[in-house]
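In: Let's see this in three dimensions:
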Amino acid sequence: MKDRYLEVTFRHGRPIAAYYYLPRGTDQKSVRTRRVEPGLIIDFAADGQAIGIEITIPDMVSLAGLNAVLQELGHTPASEADLAPVLAA
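Out: Predicted coordinates for the structure are as follows:
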């Protein structure tokens, strides 16, 4: 997978969880996690590459918070449109 994308799980029209996929190989799986701030958990593959960010508390996520994590990981910032389904709720 070459592009980043957001997957959101809704219940009764409200987001209850989300996952921000980062570029990764099709065979890469999460083997380790690291909590970075309330509601955000980074998933890492066996080679140490960050492969995604779990958004466990969508109400608490902010674009600035996610972008700080992406910057730490060496990725370009997300846009408001990238997080629109989570931010709109």
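In: what's the neighbour count on residue 35?
Out: 11 (other C-beta atoms under 10 Å). Placement of C-beta: from N, CA and C, glycine included.
In: from memory it sits against residue 43, does it?
Out: No - using C-beta atoms under 8 Å, residue 35 is not in contact with residue 43, being 11.1 Å away.
In: by contact count, what packs against the longest helix belonging to the chain?
Out: For the chain, the longest helix by residue count, based on DSSP state H, is helix 63-72. Helices and strands touching helix 63-72, as assessed by 3 or more C-beta pairs under 8 Å, 6 or more residues apart in numbering; DSSP states H and E, comprise strand 32-37, strand 40-44, strand 50-55.
In: How about residues contacting the last one?
Out: Looking back up the chat, that one is strand 50-55. With contacts defined as C-beta atoms under 8 Å, 6 or more residues apart in numbering, strand 50-55 is touched by 17-22, 24, 28-30, 33, 39-45, 61, 66, 69-70, 73, 75, 86.
In: Need the CA coordinates for the worst-scoring helix or strand of the chain on mean pLDDT. PDB is fine.
Out: Ranked by mean pLDDT, DSSP states H and E, the helix or strand of the chain with the weakest confidence is helix 84-87, at a mean of 87. This file holds the C-alpha atoms of helix 84-87, laid out as PDB (Å, rounded to 0.1, in the frame of the first residue of the first chain):
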ATOM      1  CA  ALA A  84     -12.800  15.200   8.200                       C
ATOM      2  CA  PRO A  85     -14.900  12.100   9.200                       C
ATOM      3  CA  VAL A  86     -13.400  12.200  12.700                       C
ATOM      4  CA  LEU A  87     -13.200  16.000  13.200                       C
END
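In: No more questions from me, cheers.
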